[in-house]
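Participant: Requesting a structural model of the entry that follows:
(2 chains)
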Amino acid sequence: MRLFGIETEYGITRDDVLEMDPVVESMELVRAYVVASFERRWDYTGEDPHEDARGFRVSGLQQDKEEDEFVKVDAARPFSFHEMKSDLVLPNGARFYNDHTHPEYSSPECRTLRDLVAQDRAGERIVLRAAERRNRVLGGDHVRLYKNNTDFHGHSYGCHDNYLVSRSVPFSDLVAGLVPFLVCRQVIAGAGKVGTEAQESGHVPGLYQLSQRADFMEAELGVDTMHNRPILNTRDEPHADRQKYRRLHLIIGDANMCEYATALKVGTTRLVLDLIERGAAPDLRLDQPVAAVKQLSRDPDFKIAVRLQNGRRLSALEMQECYYESARQTLAGSDEETDWLLKEWEEVLHLLTQDRSQLIGKLDWVTKQWLLETFMREERIGWDDPWLASLDLEYHNVNPEQGLYLGFEAEGKAWRITTDEMIEEAIQNGPSDTRGGLRGLCVQRFPDQIKSIQWEQIQFAGGLRSRTLDMGDLFSPGAVRRCAKLFQQASSPTDALTVWNKERDKQV
Amino acid sequence: MRHNMMPERREGPVDPMPKPPTPEEGSGPRRPETGSPDKDNLMKRMRKVDPKQAERYRQRTGE
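Facilitator: The predicted structure is shown next:
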């Protein structure tokens, strides 16, 4: 079983000011979550977005120029870079910080879909609690947060799903197997969007599409993430032993409100990665994948067939059926989660053509479409009415008193993978079988002794020299649990590390 | 643009629940309660949304 996780950038706004400073507001929101004063501990040394998985390093990113402009503006603010980022590591092993003017919750690494969905929902509640605290300071319910991907004015922000992949799989195999899948994945994972837009250009109402992000895909492959966004991001930041692993960083996905959609988005992608590793992925390489991702997003009735390199033409559903069939033939019986995924995947593809109404509460684009069309009938308005974009936005509001999806869910009508108790537990603790849970445990037990922290290592202060917990190759659930037990029982991180390093030396 | 409306939702999902992925993890996805969503409540909430909310909503480009 491979590890995966989700990073979500939230939209943030205030209704009591004419012009909001998103840097300050995102920073203040993150800090509102901390009871004690903020202390800088995040270690950025593992981050280099210029490394490309195709085997080279780019000299610059499209966003660098814009970033330089922001740096000039930011230099005039009374905060340091680290204060503005306000990087936190939470007791569940998640990272919560201000990323590019958006509050971002990056889940801890998960091994099961149930844990992943619980951690994703935990993120919604953590940002909501931060907003509630911030609003108390502001003296009113002014800050609103949106788990979506567009501002309807040509500005997009991301929800990235990440997967641990063996470095032994050639990157070209990942490209061939994954790009067509990502182009058609939106039939399951799309969050739905009213109208169309493009990078930094205005919103055009009048139609409903499957995906929030499709309009912003401009390249098949690339290392960029803020401009010229690629279907398959080639950033090579493994956050693990570089000799053994890749971190596949997918930026095409929408932020899902439906738990079921989140589970299927990540679950089916996991199955396709399993197929690629076994050399069993279908060959559906597309003639024009960038055009296809937009065409298919604007085709909720699945009438369009896109051209493959071999000359065949397939609809999004037919492409999905090819992937499903390969997965069924190759992976059925691998484990219970795989069998559950195969059953659900098959049923969803069937229902999308036979009875889409049964997917309300399971898939976001279907749920949103149903809500909007019901409203349109009641109010006698059409797809070109600007009210619909506002309703689209409010579908993603994370305040359960305001959000349309959360209102729908509160009526007990959404399909749930988690319970509220599981989400509360996920706020407190990370998965016990991944390094994410171990990271969170260290934050809980030894917060004052952590000198620096990041995805693959924790450096503890104390004594004459700092001690490091290296997690770059700590992926076996048994090893994680043994290490966690030591940190749970030890009176200091030094004691735990002494025993742990001895155990590791024996294994070597 | 022509666009096919979705049909009204049926009276709740009728498909059986999948078995749990693993015994210790409890149930699989839980089916919603039967019956259509309370459209009155949801419609009331939707009518409260300011039609100009999206027009005012501006963000900086993220990742």
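
Participant: Run a quick neighbour tally on residue A:137.
Facilitator: Residue A:137 has 10 neighbours, counted by other C-beta atoms under 10 Å in any protein chain shown. Any C-beta I mention is one placed from the backbone N, CA and C, and that applies to glycine too.

Participant: That one and residue A:32 touch, don't they?
Facilitator: Yes. Counting by C-beta atoms under 8 Å, a contact exists between residue A:137 and residue A:32, whose distance comes to 7.1 Å.

Participant: Tell me who's in contact with residue 52.
Facilitator: Since no chain was named, I'll use chain A. When the contact criterion is C-beta atoms under 8 Å, 6 or more residues apart in numbering or on different chains, the partners of residue A:52 are A:58, A:223, A:234-236.

Participant: My question was about chain B, not that one.
Facilitator: Under the criterion of C-beta under 8 Å, 6+ apart, the contact partners of residue B:52 comprise A:386, A:390.

Participant: try 7 Å
Facilitator: When contacts are counted by C-beta atoms under 7 Å, 6 or more residues apart in numbering or on different chains, residue B:52 is found next to residue A:390.

Participant: for the chain, what's the longest helix?
Facilitator: No chain in the question, so chain A it is. For chain A, the helix reaching the highest residue count under DSSP state H is reported as helix A:113-138.

Participant: that's the wrong chain, I wanted chain B
Facilitator: With DSSP H setting the assignment, residue counts place helix B:39-47 as the longest helix in chain B.

Participant: From the rest of the structure, what touches that helix?
Facilitator: Here helix B:39-47 makes contact (C-beta under 7 Å, 6+ apart) with A:371, A:374-375, A:378, A:391, A:404, A:407-408, A:411.

Participant: Out of the contacts of residue A:52, give me the one that has the most neighbours.
Facilitator: Of all the contacts of residue A:52, the highest neighbour tally under other C-beta under 10 Å goes to residue A:235, namely 25 neighbours.

Participant: Kindly state the beta-bridge partners for that one.
Facilitator: Listed beta-bridge partners, residue A:235: residue A:52 (assigned using DSSP bridges).

Participant: can you give me phi and psi for the residue in chain B that chain A sits nearest to?
Facilitator: The minimum distance from chain B to chain A, using C-beta to the nearest C-beta, falls at residue B:62 (2.8 Å). Taking degrees, to the nearest 10, you get phi -110, psi -150 for the backbone angles of residue B:62.

Participant: Excluding chain neighbours, what is closest to it?
Facilitator: Nearest-residue entry for residue B:62: residue A:157, 2.8 Å, with adjacent residues in sequence omitted and distances by C-beta to C-beta, 6 or more residues apart in numbering or on different chains.

Participant: tally of neighbours for the residue in the stretch 151-300 of chain A that chain B sits nearest to?
Facilitator: In the stretch 151-300 of chain A, no residue comes nearer to chain B than residue A:157, which is 2.8 Å away by C-beta to the nearest C-beta. Here the number of neighbours of residue A:157 (other C-beta under 10 Å) works out to 29.

Participant: Quick one, grab the pLDDT at it.
Facilitator: pLDDT, the model's per-residue confidence, is 98 for residue A:157.

Participant: Can you list the low-confidence ranges for chain B?
Facilitator: Within chain B, the stretches with pLDDT under 70 are B:1-28, B:31-38.

Participant: same check, this time on chain A
Facilitator: For chain A, counting by pLDDT under 70, the residues that fall below are A:1, A:463-466, A:508.

Participant: Could you chop it up by domain?
Facilitator: Here the domain assignment for chain A is A:4-422, A:434-507, based on automatic domain parsing.

Participant: can you put these in TSV and add distance to residue B:49?
Facilitator: Rendered in TSV, the data for the domains of chain A read as follows (distance: least, C-beta to C-beta, whole Å):
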stretch	distance to residue B:49
domain A:4-422	5
domain A:434-507	36
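
Participant: Just name the most buried of these.
Facilitator: Using mean count of other C-beta atoms under 10 Å in any protein chain shown, the stretch among the domains of chain A with the largest mean neighbour count is domain A:4-422, at a mean of 20.

Participant: Start and end of it, how far apart?
Facilitator: Looking at domain A:4-422, the gap from its leading to its trailing residue is 18 Å under the measure C-alpha to C-alpha, to the nearest Å.

Participant: can you check stretch A:85-97 too?
Facilitator: Using C-alpha to C-alpha, one end of stretch A:85-97 lies 6 Å from the other.

Participant: My read is that the residue of chain B closest to chain A contacts residue A:159, right?
Facilitator: No. Under the contact definition of C-beta atoms under 7 Å, residue B:62 does not touch residue A:159, with a separation of 9.9 Å.

Participant: Let me know the distance separating the closest residue to residue A:403 other than its chain neighbours from residue A:185.
Facilitator: Nearest in space to residue A:403, with sequence neighbours left out and distances taken as C-beta to C-beta, 6+ apart, is residue A:397 at 3.7 Å. Using C-beta to C-beta, to the nearest Å, one gets 25 Å for the distance from residue A:397 to residue A:185.

Participant: again with residue A:494
Facilitator: When C-beta to C-beta is applied, the distance between residue A:494 and residue A:185 equals 46 Å.

Participant: what's the answer for residue A:213, then?
Facilitator: Residue A:213 is 11 Å from residue A:185, where distance means C-beta to C-beta.

Participant: mind checking how far the helix or strand that contains residue A:369 is from the chain centre?
Facilitator: Element membership of residue A:369 [criterion: DSSP states H and E] is helix A:364-379. Relative to the chain's own centre, helix A:364-379 is displaced by 26 Å; criterion: C-alpha atoms, centre = their mean, to the nearest Å.

Participant: As PDB, could you dump the C-alpha coordinates of it?
Facilitator: As requested, the backbone C-alpha atoms of helix A:364-379 are provided in PDB (Å, rounded to 0.1, in the frame of the first residue of the first chain):
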ATOM      1  CA  ASP A 364     -19.500  17.200  -6.100                       C
ATOM      2  CA  TRP A 365     -20.200  18.300  -9.700                       C
ATOM      3  CA  VAL A 366     -23.400  16.200  -9.700                       C
ATOM      4  CA  THR A 367     -24.500  17.500  -6.300                       C
ATOM      5  CA  LYS A 368     -23.800  21.100  -7.200                       C
ATOM      6  CA  GLN A 369     -25.500  20.800 -10.500                       C
ATOM      7  CA  TRP A 370     -28.600  19.400  -8.800                       C
ATOM      8  CA  LEU A 371     -28.700  22.200  -6.300                       C
ATOM      9  CA  LEU A 372     -28.300  24.900  -8.900                       C
ATOM     10  CA  GLU A 373     -30.800  23.400 -11.300                       C
ATOM     11  CA  THR A 374     -33.400  23.100  -8.500                       C
ATOM     12  CA  PHE A 375     -32.700  26.700  -7.600                       C
ATOM     13  CA  MET A 376     -33.000  27.800 -11.200                       C
ATOM     14  CA  ARG A 377     -36.400  26.100 -11.500                       C
ATOM     15  CA  GLU A 378     -37.600  27.700  -8.300                       C
ATOM     16  CA  GLU A 379     -36.300  31.200  -9.200                       C
END
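
Participant: Is there proximity between it and chain B?
Facilitator: Yes. Where contact is defined by C-beta under 7 Å from any C-beta of the partner chain, part of helix A:364-379 touches chain B, namely A:369-371, A:373-375, A:378.

Participant: packing partners for that helix?
Facilitator: Under the contact criterion of 3 or more C-beta pairs under 7 Å, 6 or more residues apart in numbering or on different chains; DSSP states H and E, helix A:364-379 touches helix A:387-395, helix A:404-410, helix B:39-47.
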